[in-house]
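Participant: Requesting a structural model of the entry that follows:
(one chain, ligands or ions: 1)
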Amino acid sequence: MTNPVVVGITGASGAVMARSMVDALLRHDIPTVALCSNAGRLVWQEEIGEHFNDTLIEWQEHPAFTHYPINDLRAPVASGTYPTAGMVIMPASMNSIASLAGGLSGNLLLRTADVCLKERRPLVLVPRETPLHSIHLNNMLTLSRMGAVVVPPEPAFYLKPQSIEDIVDFVVARVFVALGLDQAMPEKMQYQGPEGELDSHHG
Ligand SMILES: Cc1cc2nc3c(=O)[nH]c(=O)nc-3n(C[C@H](O)[C@H](O)[C@H](O)COP(=O)(O)O)c2cc1C
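Facilitator: Prediction:
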């Protein structure tokens, strides 16, 4: 069994991206740990139209899925001694990004991300805010310099996305690459070059 990938869900817009990310990981039987902030639950209800607990019940049908409550600081993922394959925060709020950049780890999601930074494990951020002010940008720069990969959820207009699902699939594929999960990435999620060749590293 490979080490789990942690998916942190915060209260930025874009809950659908987190849902697709967890769905994709579980489709590939990749052990997955989900952590959701309180604001993340609010946005989930607003954007998905379903209580986060109901989504958890669905995911919990998969044996590779685990969830810990946001204040459970005794959960295994809070410790650097517990091996994980890395973490993505998706969507990442400016609040959580600021906390991380400031070294604050007051909930399980932030603590787990902080552990990734200190243990030099992959940490991917999918920030969502617009426009961005200098503090937002500075915080992302700080985290990028510490090794985090910042993957803004931007559509690949050259692929002529027809739906939100197309855009979300593209972002999920970019996160798979950033986490080093290229091997697990399904062909349909990879970039088809002009000659039809597969190029999962295309921006
Ligand atoms: C419907 C809704 C949408 C939001 N969208 C964003 C957003 O896109 N980006 C952001 O940084 N904050 C957004 N917020 C504000 C965050 O939820 C708020 O800053 C919260 O404190 C974040 O807490 P967390 O980082 O613990 O999840 C949104 C809030 C709501 C209710």
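Participant: mind checking the SS state of residue 40?
Facilitator: helix (DSSP: H, G, I helix; E, B strand; the rest coil).
Participant: Could you verify my assumption that residue 95 touches residue 39?
Facilitator: Yes: using CB atoms under 8 Å, residue 95 is in contact with residue 39, at 7.5 Å. From N, CA and C alone the C-beta is placed, and that goes for glycine too.
Participant: who touches both of these two?
Facilitator: The contact sets of residue 95 and residue 39 overlap at 10, 11 (CB atoms under 8 Å, 6 or more residues apart in numbering).
Participant: Leaving out sequence neighbours, find the closest residue to residue 48.
Facilitator: residue 15 (5.2 Å; CB to CB, 6 or more residues apart in numbering).
Participant: Please apply the same query to residue 144.
Facilitator: Excluding the flanking residues, the one nearest residue 144 by CB to CB, 6+ apart is residue 150, at 5.5 Å.
Participant: Give me the pLDDT value at the residue nearest to residue 48.
Facilitator: On pLDDT, residue 15 comes in at 98.
Participant: Please work out how many residues are found near it.
Facilitator: Neighbourhood size, residue 15 [other CB atoms under 10 Å]: 27.
Participant: I'd like the numbering to begin with 52 instead of 1 from here.
Facilitator: All set: I'll call the first residue 52, so the last point we hit is now residue 66.
Participant: distance of it from residue 90?
Facilitator: 11 Å (CB to CB, to the nearest Å).
Participant: do the same with residue 176
Facilitator: Residue 176 is 16 Å from residue 90, by CB to CB.
Participant: picking that back up, where does the residue nearest to residue 195 fall, phi/psi-wise?
Facilitator: The phi/psi pair for residue 201 (degrees, to the nearest 10) reads phi -100, psi 120.
Participant: May I have the beta-bridge partners of it?
Facilitator: Residues in a beta bridge with residue 201, per DSSP bridges, are residue 176.
Participant: re the thing from before, isn't the residue nearest to residue 99 up against residue 142?
Facilitator: Yes: between residue 66 and residue 142 a contact is recorded at 7.2 Å, counting by CB under 8 Å.
Participant: picking that back up, tell me which residues touch the residue nearest to residue 99, please.
Facilitator: Neighbour list for residue 66: 60, 91, 94, 95, 97, 98, 99, 142 [criterion: CB under 8 Å, 6+ apart].
Participant: which among those gets closest to residue 81?
Facilitator: residue 60 (16.7 Å; CB to CB).
Participant: is the ligand contacted by stretch 201-213?
Facilitator: No: for stretch 201-213, no contact with the ligand is found by CB under 6 Å from any ligand atom; the gap never falls below 10.1 Å.
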